[in-house]
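Novice: Next one to model:
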Amino acid sequence: MTREQLEHVIRAASAITKERSFVVVGSQAVLLPYPDAHPDLLVSRELDLYPAMAPEKSDLIEGAIGALSQFDETFGYYADGVSPDTAVMPADWMDRASLHYLGDTTVVCPDMHDLAVSKCVAQRAKDARFIVVMLKEGMISPATLEQRIRQIDSKRPINAIVAWAQRRVEESKT
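Specialist: Take a look at the predicted model:
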C-alpha cells in the first residue's frame, strides 16, 4: 500500500460512514508518520481502521470496501473495518497517538512502539519481519518496545511476548 492508497481508503470510508475521524491500526499505519516507509513495511493490501466516534460503523466499511469487494477488485487494496479491541496495545496508547489531517478528516495513529507491541502480541511470521525492519530503520527502540510490552494486560504471556520481541532485536542486528 502507498500513502495515496491509504488516503483513498480513508476518503472512501468517510464517504460510506459519514464520519470524519478514524483510528488506523495495523501495519499500514506506518504510512501516516512515514509516508516513504521502507518497502518491506508496506506489503499489506489492507488498511485496518474504525470510525473513532462510531466504531460500530466498521461493518459498513467492511461490507463496502473490504476484502473481495468491488473496491478491492478495482483497486487491488481494501479496508478492514476493525474494532477498538483488534490491536492489543498498552491501555494508555491514545496518550501517545498522533493526529494526522487528510482534508477534513482526522486520523488517529498509534505511536510506532505501541503499533509494534500489537505485532509482538500477534507473533505471526509477517509480524516478525515487520518488527525487524522497524528496528533496522530506527523507527522503534528495543528498550521502549520491551517497556510497552510490559504495560499490556497481565493476563497475556508477557515474558513469552518479550522473548519473541528480543529474538527480533537479535535478528535486526544481522
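Novice: In three-state terms, label the closest residue to residue 26 other than its chain neighbours for me.
Specialist: Sequence neighbours aside, residue 48 is the residue nearest to residue 26 in space, at 3.2 Å (criterion: CB to CB, 6 or more residues apart in numbering). (C-beta placed from N, C-alpha, C; glycine too.) Classification of residue 48 using DSSP: H, G, I helix; E, B strand; the rest coil returns strand.
Novice: what's the neighbour count on residue 48?
Specialist: Counted with other CB atoms under 10 Å, residues neighbouring residue 48 total 21.
Novice: who does it bridge with?
Specialist: Residue 48 has these beta-bridge partners by DSSP bridges: residue 25, residue 80.
Novice: quick one: it and residue 138, what's the gap?
Specialist: Distance of residue 48 to residue 138, given as CB to CB, to the nearest Å: 24 Å.
Novice: ok, now residue 157?
Specialist: Residue 157 is 28 Å from residue 138, by CB to CB.
Novice: Give me the neighbour count for residue 125.
Specialist: 7.
Novice: ditto for residue 21
Specialist: The number of residues near residue 21, taken as other CB under 10 Å, comes to 14.
Novice: on that earlier part again, so residue 157 and residue 138 - more neighbours on which side?
Specialist: residue 157 (11 against 7).
Novice: Next, the more buried one: phi, psi?
Specialist: Taking degrees, to the nearest 10, you get phi -80, psi 80 for the backbone angles of residue 157.
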